[in-house]
Structure formats: structure tokens, C-alpha cells
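Visitor: Next come a sequence and a model predicted from it.
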Amino acid sequence: MTTRIALLLLALAHALPLAAQTDTRKFDHLRTGFPLTGVHAVTPCESCHIGGRMAGTPKQCEACHRPGSGIATTVMPPRHIRTVEPCVNCHRSAITWSGARFSHIGVAPGSCFSCHNGGSASGKPANHMATAAACDSCHRTSAWRPASFSHANVAPGSCQSCHNGGSATGKPANHMATTASCDSCHRTSAWLPATFSHSSVAPGTCQTCHNGSGATGMPSGHLATTRACDACHTTSTWLPPKPYTHLSPNWKPHNASVTCYSCHSTRTEAATWPFAAYKPNCAGCHAGTFKPGSHKKYEGTTTIFYTAAELQNCSGACHQYSNTTFTTILRSRPGPEHRSTDGGF
């Protein structure tokens, strides 16, 4: 009888720990110093507590997640980076292994490839530019991109060996046709703005490049003309245009405030004459601003003023007569009184 009671008590003693740990609702696992988070929260107790054993269950990841640990769990794969660091140094989540963060502090410069070889960790892609330089010559441990490349030792004229559209950004499809090397116009600090030497460009051929595709061309609101760009524009800047070369004998040089559109308001090569009856004289444009009070023809018992039609060529002489027969000049102001290059009349 005594032996049977002893055996019963022994069996009960072995069953109590397992029964206690299987009812997780009555046990705060956080008290063990190992909180059940992520996958651990849904893992059966007996997966870690083999045979109902509580005491001595390891709390370190690598103690369980290794071959031969006796615990049914994932282990470090053969292609994992070689390391003796604890798992938690890189793997911060108990939900998934991915998203690991590795501190590169202490990694010897130039040794990136020992891990970043395409097997243990991401390595150089197939379309990477050919180079024997170490990864950290261009890339940073915070992110692969953007990369910074020193062009200090690149031979002039050899840009296209890398900037071919495959290994690195190359000439776009709408680039102006040229066989010149990239660094003839572009700089290693940035593609744009580019500088192009027009010294060898034949006069009158601007539109071969400045066609709105290869390079900036004539805008839609431009004065309609068939003349070459360099008839008005210079290679140093588009604006302001140089004095317009007029083929018409009616053109007179004007002051700087007068632009092409001041006369060519319809954006065509034909000048717009507001008072066409007086063209090609000054009054053809300026009859509307003519002030009779400033142009006395006779002053006596009555005052007679000149009309715009009489003085339509503003650069002529101006006479004031002694009587209304207009035969005797009382006083005269020799011309030209007004000049087209003056700032105003």
C-alpha cells in the first residue's frame, strides 16, 4: 500500500510542472525574463520545454536556433554571413528573420565584398559598371543609393565607357546628334547645365540643333521669320537679341526701349503701321502722340498750329511764320528737332 502511494505521488510531481506551463492564461511568462512575442506567442510550450522541463530553458536565440539543439525551430542557413555575433544584434523581430539590421561599425574599409558577394548578402548586380574598386568607394553602409563616384582618375573623353545607358546613365534618345565626348559639354558634378562651344559652328546652321528637340528652338510666339537664329541672337545668350538687321530702307535706328514687337506687333516680318497713311515717315507710328500745342505755325490775333500730316517727318526743320500767308519766316528752329534714337519726343 505504501509503495502504491509513493508511486502515485511521484507521478503527480512530474505532471504538475507540465500542467502549470500549459495553462498560459494563469502564468505570466514575462516573469522569466523572456517575453513571448511574435512567433513565440503562438508556439506550443512543449516545443521549447522538452519533456515538461522548465528550469534551464535557454533564453538566447542562438542556443535554440542552431543545429542539434533538440528544439524544433529554424536554424541559421548555410548561406548566412559568417558571424559569431548574437542573433539579436541584427534580427530585431520575433515575427520574421527578414529585415535584419547590421551595424557596420568595426568593418574594415574595402572588405565589403567578403559579405556582399551576392550569396551571403546583396552584391554587385550584373549590369554594374566594370570596376575593381571596393564597394565603399562609392556606396555607403546606410544605403546603396545614391552612390557617389569620384571621377578624379577618369581619363578625359572616356565617359561613354560607363555612361552607355546600361552601366550608368547615357545619352538620351532626343540628344542632339554629336560624336563629341560627354565631357566636351557636361561636367562630372552634374549633367546640367551643359556648356557647348559654338566656335566651330557654321553661321546660319543654328537650327540643325536648336530645333526644339535636340536643343531649345524658336518658341511658338516668336516673330515669324525664315532668317537664321544668329541673325538676331548670339551664342552667349538668347536674350536680349542683338539690333535687328533690317532689310527695309524705311528702318531708322531707335533707342534701346524699342523692341522688335514694338513695330512688329503681329509677330511677322512686316512692320505694323498704326497710321499707314503717313508711312514710311515717323508719323506712321507716332501721329497718335503728336502734340499740336508744341508746334505753332503762326501766333498773332489767332494761333495756328501745325498738323501731324505737315510735320510727319519729325526730323525736319520747324518754322514759325509772321503772318497767315506763311511766306515770311518769323523764327526758325533748324532740324533735326527730333531723333529716332532719343529716349522720347
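Guide: Yes, it's here. Numbers count the residues shown, from 1 in each chain.
Visitor: dump the residue contacts of residue 326.
Guide: Taking CB atoms under 8 Å, 6 or more residues apart in numbering, we find residue 326 in contact with 297, 298. Heads up, the C-betas are built off the backbone N, CA and C, glycines and all.
Visitor: Excluding covalently adjacent residues, which one is nearest to residue 229?
Guide: Nearest in space to residue 229, with sequence neighbours left out and distances taken as CB to CB, 6 or more residues apart in numbering, is residue 206 at 3.6 Å.
Visitor: Please list all residues in contact with that neighbour.
Guide: Contacts of residue 206 by CB under 8 Å, 6+ apart are 228, 229, 230, 233.
Visitor: Counting neighbours, what do you get for the closest residue to the first one other than its chain neighbours?
Guide: Excluding its sequence neighbours, the residue lying closest to residue 228 (CB to CB, 6+ apart) is residue 204, at 4.1 Å. Residues near residue 204, counting by other CB atoms under 10 Å, number 12.
Visitor: helix/strand/coil for residue 204?
Guide: Classification of residue 204 by DSSP: H, G, I helix; E, B strand; the rest coil places it in coil.
Visitor: and what of residue 113?
Guide: Residue 113 - assigned by three-state DSSP - is helix.
Visitor: Can you list the residue ranges for strands in the stretch 201-345 of the chain?
Guide: 296-299, 303-305, 318-321, 329-333 (DSSP state E, counting those that start in this stretch).
Visitor: Direction included, what does the second one pair against?
Guide: In its sheet, strand 303-305 lies beside strand 296-299 (antiparallel), with partners assigned from DSSP bridges.
Visitor: average pLDDT for the partner strand?
Guide: Averaging pLDDT along strand 296-299 yields 88.
Visitor: Repeat that for stretch 151-168.
Guide: 87.
Visitor: Can you measure across it, start residue to end residue?
Guide: This stretch, stretch 151-168, spans 13 Å end to end (CA to CA, to the nearest Å).
Visitor: what sits up against it?
Guide: With contacts defined as CB under 8 Å, 6+ apart, stretch 151-168 is touched by 127, 128, 129, 130, 169, 170, 171, 181, 182, 183, 186, 188.
Visitor: now the strands of the stretch 201-345 of the chain as a markdown table including mean neighbour count?
Guide: As requested, these are exported to a markdown table (neighbours: other CB atoms under 10 Å):
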| stretch | mean neighbour count |
| --- | --- |
| strand 296-299 | 16 |
| strand 303-305 | 14 |
| strand 318-321 | 18 |
| strand 329-333 | 11 |
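Visitor: export those strands to TSV and tack on distance to residue 93?
Guide: As requested, these are exported to TSV (distance: least, CB to CB, whole Å):
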stretch	distance to residue 93
strand 296-299	99
strand 303-305	97
strand 318-321	96
strand 329-333	97
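Visitor: closest one to residue 268 among the ones you listed?
Guide: Among the strands of the stretch 201-345 of the chain, the nearest to residue 268 by CB to CB is strand 318-321 (35.0 Å).
Visitor: So for the closest one, mean pLDDT?
Guide: pLDDT averaged over strand 318-321 gives 82.
Visitor: how far out from the middle of the chain is that strand?
Guide: 67 Å (CA atoms, centre = their mean, to the nearest Å).
Visitor: which residues of the stretch 201-345 of the chain score low on pLDDT?
Guide: Within the stretch 201-345 of the chain, the ranges that satisfy pLDDT under 70 run 243, 315-317, 334-336, 343-345.
Visitor: mind running it again at 80?
Guide: Along the stretch 201-345 of the chain, the model assigns pLDDT under 80 to residues 214, 221, 223-224, 239-243, 245, 247, 256, 314-318, 333-339, 342-345.
Visitor: mind listing the helices for it?
Guide: Counting by DSSP state H, counting those that start in this stretch, the stretch 201-345 of the chain has helices at residues 260-263, 283-286.
Visitor: Any figure for the gap between the residue nearest the centre of the chain and residue 186?
Guide: Compute the mean C-alpha point of the chain, and by CA atoms, centre = their mean the closest residue is residue 192, 9.2 Å away. Going from residue 192 to residue 186 by CB to CB, to the nearest Å gives 8 Å.
Visitor: Do you have the strands of the stretch 51-200 of the chain handy? List them.
Guide: For the stretch 51-200 of the chain, no strands are identified by DSSP E, counting those that start in this stretch.
Visitor: Return the closest of the contacts of stretch 151-168 with respect to residue 253.
Guide: For the contacts of stretch 151-168, the minimum distance to residue 253 (CB to CB) is 40.8 Å, reached by residue 186.
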